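In: I'll drop the sequence and a predicted model, then ask my questions.
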Amino acid sequence: MVDWSIGSGIRRLLGIGGDRSAADPREEAPTASPKGAGRAVPVSERETIWTSAVPVAGRKTLPPDPRVMQAIGLNHSFETAVADIVDNSLDAGASKILIRFVRDGERLIGLCIVDDGRGMDEPTIDLAMTVGGKRRYDVSDLGHFGMGLKAASLGQARILTVVSRPTGGRAVGRRWLIESASRGFECDVLSGEFCSSALDRAWTFLTPRSGTLVMWTEVKCFPPVSHGNSIDRFVDDSVVRLRQHLGLVFHRIMASGVVSIAIDVEDVSLGETGLLFPVDPIDPFGYLRSGRKDYPRTLSAPWQGGSLTLKCHVWPGRSNFPTFRLPSGRPEQFQGFFFYRNNRLLQHGGWNGAVHPEKELQLARVEIDISPQLAPLFAMNAEKTRVEAAPQFASLALAATDGTVGFSGYIEDARGVFRESQKRKRERPKVISPGRGFAKTVRTAISEEYDFIEGENPLTIKWEDLVDDTFFEVDREAMQIRLNKRYRAAVLGGASPTPNDAPLVKALVYLLAEETFRGAFHGVKTRDNLVIWQTILTAAARAELK
């Protein structure tokens, strides 16, 4: 086991003007040149310089400046960069992958991604660490460009360490320090003893007899200093975002049982590792029932002796499933095409020119698998987050049919389901809109379920010192719900207080008390309900203090 205390080998590792568009050569030459622009170029000369028969005097090799190392991977987000490393683990046949945040008390010092795959020997790890080094990829591999490990890692961290051990072989390791790499592509070779120790330490989730460990040090997005519990909050938020992103991107692969992915946090100052957080699949087509009983439907269009296949889904209207809303966005953001390559999700939503996005199409989602036969139609970006479709793709998609329904018919069906769901919303009573004190996500969810009463001030909610021990009180004149501050710490469970904290509790109180703010007076039933809710919630709040 490797000692991560101060002075150990791993601690030292962890511490340490654009071109102008070409004019049409057939265009008439100007009769006069602008001042300072030189002579007018005759049509015959202008045609000559655009031909392929430009005379060549020789050739020379122009290697990239090593400073390119400081620029690669800058388009990656933290989550997409980690996903790119996971791709490598999957290509190596890993069955378990662990992502570990490493902290030293109130300081985050690194991130580790370790797997139990096939591992690498000396020549393979050299190729993997070579900028632009591209191995031979099988059609089933998730890797594609030969830049993933370097671009993903050095876009996020200033030090990249890779340790690996092939089946039956010895452990090897390499390290890029951005400063030395930028001077001349100088890569450190690590001692075999250190490499073996790094792989053999207690990883809890897996024991990599063979496998690879990727370590990021001096991670750019990590907080440089700690304020209060800012490190805890950053780690908690990062774990949530990683679980969501990886769960979505690899949902098919994880659901098939091929791999298990988990995240944990190790505090080297305490010598302790926290809870293990599994990454669960998030299926963007994981509804319990379809929005229309005749969907999903599989449409196809012939192309170059094969076919483009579209599996068209219609989500049920007004769904609150996390698999419909998906992480970090509103449902209408995820309408459109979901492109997969080797069961890895590359793009989640967007119509790629085939359809204009609109709110009424938010229930429409289409699965497309990019097979080797379809590869000429598509190109993915280096971060594997977006697919660029060839110009003919939109025409092919619009021509797709199952013999009964075409793509345009599918679009109209999805639009009709959405409109029908909105009729049910309009039948519900209008409510007072939530204002200050409610989290944005709560306000958005309420707005999607209810229409608001026009001309009424928003309802605010806040923590205040109340004269007794009741959990909340309503002030119709001020349009406020006041929560008793004495219960705030218990409700937050150790989280830091903020103006929009306790979103779950505030949402529940809003749903209970909002009706009392409508109309000119309280009815008998409304007053009785307030007494009941107040009694039960106060009892529950008192129990939280015990």
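Out: Nice, I can see it. Residues are numbered from 1 along each chain as shown.
In: contact partners of the longest helix along the chain?
Out: Counting residues, the longest helix in the chain under DSSP state H turns out to be helix 524-545. Applying CB atoms under 8 Å, 6 or more residues apart in numbering, the contact partners of helix 524-545 are 469-472, 474, 484, 486-487, 490-491, 509, 512-513, 515-516, 522. C-beta coordinates here come from the backbone N, C-alpha and C atoms, glycine included.
In: Mind telling me what element the residue nearest the centre of the chain is part of?
Out: Most central residue of the chain, judged by C-alpha distance to the mean C-alpha position with CA atoms, centre = their mean, is residue 245 at 3.9 Å. Taking DSSP states H and E as the criterion, residue 245 maps to helix 230-249.
In: circling back to that earlier point, which residue sits closest to the residue nearest to the centre of the chain, ignoring its sequence neighbours?
Out: residue 79 (3.8 Å; CB to CB, 6 or more residues apart in numbering).
In: shaky segments in this structure?
Out: Residues of the chain meeting the criterion pLDDT under 70: 1-54, 61-74, 132-147, 181-182, 328, 425, 520-523.
In: how does it divide up, domain by domain?
Out: The chain is divided into the following domains under automatic domain parsing: 68-278, 297-424, 440-545.
In: Let me have those in TSV, extended by distance to residue 288.
Out: Putting those into TSV (distance: least, CB to CB, whole Å) gives the following:
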stretch	distance to residue 288
domain 68-278	16
domain 297-424	8
domain 440-545	19
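In: Determine which of those domains approaches residue 289 most closely.
Out: Nearest to residue 289 among the domains of the chain is domain 297-424 (6.2 Å), distances taken as CB to CB.
In: How many residues are close by the closest residue to residue 228 other than its chain neighbours?
Out: The spatially closest residue to residue 228, leaving aside those adjacent along the chain, is residue 496, at 6.6 Å (CB to CB, 6+ apart). For residue 496, the neighbour count with other CB atoms under 10 Å is 11.
In: Let's see the strand or helix carrying residue 149 as PDB, backbone CA atoms only.
Out: Using DSSP H and E, residue 149 falls within helix 148-154. Below are the C-alpha coordinates for helix 148-154, written out as PDB (Å, rounded to 0.1, in the frame of the first residue of the first chain):
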ATOM      1  CA  GLY A 148      -8.400  11.900 -25.800                       C
ATOM      2  CA  LEU A 149      -6.100  11.100 -22.800                       C
ATOM      3  CA  LYS A 150      -3.800  14.100 -23.400                       C
ATOM      4  CA  ALA A 151      -6.400  16.600 -24.400                       C
ATOM      5  CA  ALA A 152      -8.900  15.700 -21.700                       C
ATOM      6  CA  SER A 153      -6.300  15.600 -19.000                       C
ATOM      7  CA  LEU A 154      -4.100  18.600 -19.800                       C
END
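In: from the middle of its chain, how far away would it be?
Out: Centroid displacement of helix 148-154 relative to its chain, using CA atoms, centre = their mean, to the nearest Å, is 17 Å.
In: Correct me if wrong: the residue nearest to residue 228 contacts residue 236.
Out: No: here residue 496 lies out of contact with residue 236, judged by CB atoms under 8 Å, at a distance of 11.2 Å.
In: overlap in contacts of those two?
Out: The contact lists of residue 496 and residue 236 share no entry, where a contact means CB under 8 Å, 6+ apart.
In: and residue 263, how far is that from residue 526?
Out: Look at residue 263 and residue 526: by CB to CB, to the nearest Å, they are 47 Å apart.
In: out of those two, which sits in the more crowded spot?
Out: Here residue 263 and residue 526 are compared on neighbour count by other CB under 10 Å; more neighbours surround residue 263, at 25 against 14.
In: ok, that one - contacts?
Out: 98-101, 239, 242-243, 276-277, 279.
In: Residue 417 now?
Out: Residues in contact with residue 417, defined by CB under 8 Å, 6+ apart, are 291-292, 314, 316-317, 363.
In: Which two of these have the greatest separation?
Out: Taking CB to CB, no two of the contacts of residue 417 sit farther apart than 292 and 317, at 10.2 Å.
In: show me where the stretch 201-350 of the chain has strands.
Out: 211-219, 260-267, 272-273, 277-278, 297-303, 306-314, 336-341, 344-348 (DSSP state E, counting those that start in this stretch).
In: ok so, going back, which of the domains of the chain sits closest to residue 430?
Out: Nearest of those to residue 430, taken as CB to CB: domain 440-545 at 4.6 Å.
In: distance between the ends of that closest one?
Out: 28 Å (CA to CA, to the nearest Å).
In: ok, now stretch 484-504?
Out: One end of stretch 484-504 to the other measures 16 Å (CA to CA).
In: Residue 348: how many residues sit nearby?
Out: By the other CB under 10 Å criterion, the neighbourhood of residue 348 contains 21 residues.
In: So it sits against residue 334, correct?
Out: Yes: using CB under 8 Å, residue 348 makes contact with residue 334 at a distance of 5.9 Å.
In: got any residues that touch both of those two?
Out: 284, 326.
In: sorry, back to before: how about the strands of the stretch 201-350 of the chain in JSON lines, adding distance to residue 544?
Out: Written out in JSON lines, the entries for these read as follows (distance: least, CB to CB, whole Å):
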{"stretch": "strand 211-219", "distance to residue 544": "37"}
{"stretch": "strand 260-267", "distance to residue 544": "27"}
{"stretch": "strand 272-273", "distance to residue 544": "28"}
{"stretch": "strand 277-278", "distance to residue 544": "25"}
{"stretch": "strand 297-303", "distance to residue 544": "50"}
{"stretch": "strand 306-314", "distance to residue 544": "42"}
{"stretch": "strand 336-341", "distance to residue 544": "42"}
{"stretch": "strand 344-348", "distance to residue 544": "39"}
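In: For those, state which one has the densest average packing.
Out: Ranked by mean neighbour count, those are led by strand 211-219 with a mean of 24 (mean count of other CB atoms under 10 Å).
In: which helices and strands sit right next to it?
Out: In terms of contact count using 3 or more CB pairs under 8 Å, 6 or more residues apart in numbering; DSSP states H and E, strand 211-219 is assigned the packing partners helix 9-15, helix 78-91, strand 108-115, helix 148-154, strand 157-165, helix 192-200.
In: Quick one, which of these gets closest to residue 410.
Out: Once CB to CB is applied to those, the stretch that comes out nearest is helix 78-91, at 30.2 Å.
In: Can you report how many residues lie near residue 276?
Out: Using other CB under 10 Å, the number of residues around residue 276 comes to 13.
In: correction: residue 381
Out: Residue 381 is flanked by 13 other residues according to other CB under 10 Å.
In: Next one: it from residue 294, what distance?
Out: Counting by CB to CB, the separation of residue 381 from residue 294 is 35 Å.
In: Equivalent analysis for residue 205, please.
Out: Counting by CB to CB, the gap between residue 205 and residue 294 amounts to 44 Å.
In: the more surrounded of those two?
Out: Under the criterion of other CB under 10 Å, the comparison of residue 205 against residue 294 puts residue 205 first, with 20 against 10.
In: Apart from its neighbours in sequence, what residue is nearest that one?
Out: Taking CB to CB, 6+ apart as the measure, residue 205 lies nearest to residue 98, with 4.4 Å between them; neighbours along the chain are not counted.
In: neighbours of that neighbour, just the number please.
Out: Burial of residue 98 is recorded as 23 neighbouring residues (other CB under 10 Å).
In: Assign a three-state SS to it, would you?
Out: The local conformation at residue 98, judged by DSSP: H, G, I helix; E, B strand; the rest coil, is strand.
In: ok, now residue 473?
Out: Under the three-state scheme (three-state DSSP), the conformation of residue 473 reads as strand.
In: shift numbering so it begins at 9
Out: Sure thing, new numbering starts at 9, so read that last one as residue 481.
In: which residues does it contact?
Out: Taking CB under 8 Å, 6+ apart as the criterion, residue 481 is in contact with 474, 489-490.
In: Distance of it relative to residue 423?
Out: Between residue 481 and residue 423 the computed distance is 45 Å (CB to CB).
In: Same check on residue 550?
Out: In this structure, residue 550 lies at 51 Å from residue 423, with CB to CB as the measure.
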